[in-house]
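Peer 1: Below are the sequence and a predicted model; questions follow.
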Amino acid sequence: MTTPKPDDRSNRRELLIKGTLVGAGVAILPGCPVDDDDDSAPTTDDCPDYARAFPNQDESEVRWGFLINIDKCRACSACSVACKTENDVRLGVFRNGVVEGEAGEYPNTRFQGIPWLCNHCEEPVCLDRCPTDPVKASLEMPNGDVVEYWARATYQRPDGLVLNDQERCVGCGWCVEDCPYGARFLDWSKTAGGNPSDHGLDIADPHPAGKCTMCVHRLENGIVPACSETCPADARLVGNLNDPNSAINAAIAAAGDRVSVLKESAGTGPKVFYVGLDEDIFDDGHDIRDSSGTRQYDVPGV
């Protein structure tokens, strides 16, 4: 498919930042101590100084977010297909998708589709139990500032993106278990790059975690994620939440109290916002993963 020129489908392509974000440089530092007598998974309390999510997202030049307009979504699943094609997501698991259901009460009912993806949360609980040692990384912002942060195998960048490094992942699956949105999976087509035994784990055949990356490779080159670019209904808008003049902030303000997030009670601070969301459908509707034979939610015994 030919990528549209910047002037085409501008409401989908507008990133509203100047320049691109440059990839991270990494330096390995001493590991985070874990109590060998404790059989439970290590938490960030073991090394509170540097193992948590990037703490100053509100001060970052860029903070990526998504806005999905449920009124426009037709549940065509083009977003899911585009994601699989763009990121070579294996059969049986999904980085994004659509939950389908019925809103309202008879006889005033209507079909509704709720697209889902990683919420790239402000306080992502998927980070809490990652057992890998933190490393120091850096990210160059569009204005030239270089921001340092700490990262385990699953980590959050200063621009808010929650990512995982499959070369360091040990396949424990705790991040898959902990995500309240079911947005993570173990990639059974790959072998985890990290060694579970280095962290006291006995996993015979470890597989790395996989998830939505908000097409970080596209964002770093000034292009919106594949799901947003492909949506035929213009239902998906990605942008910089820290830019008061960005299109995504204007759209959120225009929608007023019709804007909400999934599972707000989880306390993760999702940065995927919805217009016209019926959360009951997300909880009770039909998800493509229900009938795909997927092992999206399964994790190995450890």
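Peer 2: Happy to help now that I have it.
Peer 1: What residues does the residue sitting nearest the centre point of the chain make contact with?
Peer 2: Nearest to the mean C-alpha position of the chain, counting by C-alpha atoms, centre = their mean, stands residue 118 at 3.0 Å. Residue 118 makes contact with 95, 96, 162, 179, 181, 183, 184, 211, 212, 213, 214, 272 under the criterion C-beta atoms under 8 Å, 6 or more residues apart in numbering. All C-beta atoms are positioned from the backbone trio N, CA, C, and that covers glycine.
Peer 1: Give me the spatial nearest neighbour of the fifth one, chain neighbours excluded.
Peer 2: In space, and not counting its chain neighbours, residue 181 is closest to residue 119: 5.8 Å by C-beta to C-beta, 6 or more residues apart in numbering.
Peer 1: Look up the pLDDT of the one you found for me, please.
Peer 2: The score at residue 119 is 97. That number is its pLDDT.
Peer 1: ok, now which ones touch residue 207?
Peer 2: The contact partners of residue 207, by C-beta under 8 Å, 6+ apart, come to 171, 186, 187, 188, 189, 190, 191, 192, 300.
Peer 1: so what's the fourth one closest to, chain neighbours aside?
Peer 2: Distances taken as C-beta to C-beta, 6+ apart put residue 207 closest to residue 188, at 5.2 Å, once the chain neighbours are dropped.
Peer 1: Just list the residues touching the residue of the chain most remote from its centre, thanks.
Peer 2: In the chain, counting by C-alpha atoms, centre = their mean, residue 107 sits farthest out from the average C-alpha position, at 36.9 Å. With C-beta under 8 Å, 6+ apart as the criterion, no residue contacts residue 107.
Peer 1: Would you map the helices across the chain?
Peer 2: Assigned by DSSP state H, the helices in the chain fall at 10-13, 78-87, 174-178, 216-219, 226-230, 247-255, 279-284.
Peer 1: Which strands or helices does the longest one pack on?
Peer 2: Under the contact definition 3 or more C-beta pairs under 8 Å, 6 or more residues apart in numbering; DSSP states H and E, helix 78-87 sits against strand 97-105, helix 226-230.
Peer 1: ditto for the last one
Peer 2: Applying 3+ C-beta pairs under 8 Å, 6+ apart, one finds that helix 279-284 makes contact with strand 97-105, strand 108-116.
Peer 1: Just give me the closest of the contacts of residue 118 to residue 71.
Peer 2: residue 272 (16.2 Å; C-beta to C-beta).
Peer 1: where's that closest one relative to residue 248, distance?
Peer 2: Using C-beta to C-beta, to the nearest Å, residue 272 is found at 11 Å from residue 248.
Peer 1: got any residues that touch both of those two?
Peer 2: 65, 66, 67.
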